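S.K.: What would the 3D arrangement of this be:
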Amino acid sequence: MQRGDLGRIGFLWPGDGLNDDEYWRYLPNGVAWLTQRYPGTLPDQPLNRATFEASAGLEPMVAAARVLAEAHPDVVAIGDHAGSFILGPGHDLAQGRAVALACGARAGTTPSTALLAALAHLGVTQVAVTSPYDAGVTAAGVDFLRANGVDVVACHQLGFDDELAIAGTDAEVWAFAARQADRAGAGAILLMGGGLRLGGLIPRLEAELGKPVLTAPAALVWHACRLLQRGPSLDQGHDRPALGRLFGPPPDDAKMRKTLASHLSNGTKTLSLSTNPPIFAWGAGTELFDTKGRAYLDFACGSGTSVLGHAHPAILRAVADQAATGIMHLGPHFQSPVQMALITRLADLLPPALSVLHPATNGTEATEVAIKAVVHATGRNRFIGFAGSYHGRSLGALAISHERGANSRLALPPDIVTHLDWPAPDADLAPLEQALDGALGLGDVAAIIAEPVQATAGMRVPPPGFLRLLRRAADQYGVPLILDEVFTGYGKTGRLFAFEGADIMPDLVILAKAAGGGMPGAMLAGTPALLHGWGTGAQSSTFQMQPFAAATSLAMLDVLEKEGLPARALQIEAAMRAAFAPMGPLVGTGVMLGLPVLDVKGAADQPQTRQIRSRALQAGLITWECGLGGNVIGLVPPLTVTDEQIDRAAAILIRAVRPSR
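M.R.: I've put the predicted structure just below:
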């Protein structure tokens, strides 16, 4: 054994050690190691319970450990996973103690002991398991985990015949098995078996599944190194994300929250609902997981952004493929192939009249572009909007918004916008038609701007014919019609774009939030008359729909189209209305739904709304803040949400609304 500054580990290997290389890749620099074999499971033996029970006895291990004593290891580790759990809970600890005593080491560990320690370190109590063994051995492994307080929510069994078959299996087979085992609620994937060889697959698989992937070889080396007890220097040696989350630095939630309280501006929303918010480390589908591995159902969807949920394989592939080009950003003067592909794709998806596209960074900026475009085109600078509207937080977008919140005191042009009443879902549109005539008749209006559904105001759906009325009025008075589809776009209302359901053609459409596929990105789509009519370079920004956003946007569009997800929005709506019915009727449409909270007098109750949302968050459900009085609990799941997740979310919210029951 070579001298190691960080300590010495002695490995006891059964059989011939077919995959030693898998273990060595996890050793940090400065740790010395030596391997000693003992008679255990052999390559040609059947992988059944009888074989592992026969190899789990202490005598051969102790004899091999005595040979290791001459090398004076600090820690000794046994490499047989099934042999450490096959005789039931506690035998793994007995094995570790016996070999440590035999070779004079201060501690001993086994794969089963190490995996339990790794799960505790990550704060994970629910796992999905894959097993290369037969039913009997797999059941023993699952029983061992459950007896030690680990909830096994799913198990996928492969049933290999011998160790040679396991060691010779391509890593992608293990990746496929992990995908098959993965289930909602699992905080980690656990791959049984000491004979696995995954190479560098773990980080990629973790990114795809959105949760830690633990293997017996990785956990054994990690735990043996932890038992060396050499302090910070060893932790630094383990800070290697390329080996997976287990080998990253442990999270310090208290320190992170102190940083939030001390250094994060109060102008953000991070601390607006809770003074102790979860800090999320990974996500998968409709679930986010905090740094302790606790799962939360995400019914805020990144403020309406993550329409495919988290860690969607198509999105992850798009990011990886773009990163492989080496182009992180180009600025506004140049375009990459992926940006050109997105422009072409959107031009094909949108009606021919909306064939010109202007990239932006986010919804606020895209709104600013729309404002400037119509002012340039018309020479006028007054707008018609609607009560309850919200179009962004920069001064221009805020000026034409009605819901300005804490920013209402800012000095804005007083006459830049006329806000008309927003009609109720069953309202007669005749009063609105008269109001439009009065506002447009002055001849100084640059544009009408409206959201097809008002999200910030509380998922307010207008009556049928609303958008057609706006189109007629705009045509009659010769002004552009701008539709703000920042929230409604990309499938949330049952169509790719909400205006398609009204059978009208706007002059400009603002696309953001989901438009970036999870990255910051936005597009303004419009007519050639508006977007080809101003001077070259009149409006640009540094990060306007940059290459990564274009790549993820393209990937999202592919999935939405191939899987028909916009139509699924209406199926999700029906399932949610049924599941949430005990709390009263939901407002909204598609996956833009909300639950109004009223006091005993029928008035908006913002304090109670915040309390309910806070209780729901503590119970594992993330909701969205909306409503004119801040009294609507927004429910905006991704288009990939399952019925089971909808039912779980409803159960959590019901308990949050009625905590005494």
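S.K.: rest of the way, CA atoms for contacts and neighbours
M.R.: Fine.
S.K.: in stretch 455-474, what's buried?
M.R.: Buried residues in stretch 455-474, counted by 16 or more other C-alpha atoms under 10 Å: 455-462, 466-471, 473-474.
S.K.: residues near Leu442, how many?
M.R.: Using other C-alpha atoms under 10 Å, the number of residues around Leu442 comes to 9.
S.K.: contacts for the helix or strand harbouring Ala154?
M.R.: Ala154 belongs to strand 151-157 when assigned by DSSP states H and E. Outside of strand 151-157, the residues within contact range by C-alpha atoms under 8 Å, 6 or more residues apart in numbering are 125-135, 138, 142, 145-146, 177-178, 180-183, 185-186.
S.K.: Give me the mean pLDDT for it.
M.R.: Strand 151-157 shows a mean pLDDT of 91.
S.K.: Tell me which strands that strand pairs with, and in which orientation.
M.R.: Within its sheet, strand 151-157 is paired with strand 126-131 (parallel), according to DSSP bridges.
S.K.: which is the next helix or strand following the strand it pairs with?
M.R.: The helix or strand immediately downstream of strand 126-131 is helix 135-147, counting by DSSP H and E.
S.K.: Flag the shaky bits of the stretch 351-500 of the chain, pLDDT-wise.
M.R.: Along the stretch 351-500 of the chain, segments meeting pLDDT under 70 span 411-414.
S.K.: which residue ranges form the strands in it?
M.R.: Taking DSSP state E, counting those that start in this stretch as the test, the strands found in the stretch 351-500 of the chain are 356-360, 382-386, 417-420, 445-450, 481-484.
S.K.: Would you format those strands as JSON lines with distance to Ala65 and mean neighbour count included?
M.R.: Output for those, formatted as JSON lines (distance: least, C-alpha to C-alpha, whole Å; neighbours: other C-alpha atoms under 10 Å):
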{"stretch": "strand 356-360", "distance to Ala65": "65", "mean neighbour count": "23"}
{"stretch": "strand 382-386", "distance to Ala65": "79", "mean neighbour count": "22"}
{"stretch": "strand 417-420", "distance to Ala65": "82", "mean neighbour count": "19"}
{"stretch": "strand 445-450", "distance to Ala65": "76", "mean neighbour count": "26"}
{"stretch": "strand 481-484", "distance to Ala65": "71", "mean neighbour count": "26"}
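S.K.: CA atoms only: put the helix or strand hosting Ala207 into CSV for me.
M.R.: For Ala207, the host element (DSSP H and E) is helix 201-209. Provided in CSV are the C-alpha atoms of helix 201-209 (Å, rounded to 0.1, in the frame of the first residue of the first chain):
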residue,chain,number,x,y,z
LEU,A,201,-22.7,7.9,-16.6
ILE,A,202,-23.9,8.9,-13.1
PRO,A,203,-23.9,12.7,-13.5
ARG,A,204,-25.7,12.5,-16.9
LEU,A,205,-28.3,10.1,-15.5
GLU,A,206,-28.8,12.4,-12.5
ALA,A,207,-29.3,15.4,-14.7
GLU,A,208,-31.9,13.4,-16.8
LEU,A,209,-33.8,12.0,-13.9
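S.K.: Next secondary structure after it?
M.R.: By DSSP H and E, the next helix or strand past helix 201-209 is strand 213-215.
S.K.: angle of the host helix or strand of Asp558 against strand 356-360?
M.R.: According to DSSP H and E, Asp558 maps onto helix 547-562. Counting by axes from the mean of the first three to the mean of the last three C-alpha atoms, to 10 degrees, helix 547-562 lies at 130 degrees to strand 356-360.
S.K.: In space, what's closest to Arg117 - neighbours in sequence excluded?
M.R.: One thing to correct before we go on: residue 117 is Ala, not Arg. His223 (7.2 Å; C-alpha to C-alpha, 6 or more residues apart in numbering).
S.K.: Ala373: what's it in contact with?
M.R.: Contacts for Ala373 were tallied using C-alpha under 8 Å, 6+ apart; they are 530-531, 534.
S.K.: how close does it sit to His333?
M.R.: Counting by C-alpha to C-alpha, to the nearest Å, the gap from Ala373 to His333 is 19 Å.
S.K.: for the protein, where's the lowest mean pLDDT among helices and strands?
M.R.: One helix or strand of the chain scores below all others by mean pLDDT, DSSP states H and E: helix 232-238, with a mean of 41.
S.K.: Quick check: phi and psi on the spatially closest residue to Gly108 that is not a sequence neighbour?
M.R.: Spatial nearest neighbour of Gly108, chain neighbours left out: Gly96 (4.1 Å); criterion: C-alpha to C-alpha, 6+ apart. The phi/psi pair for Gly96 (degrees, to the nearest 10) reads phi -60, psi -40.
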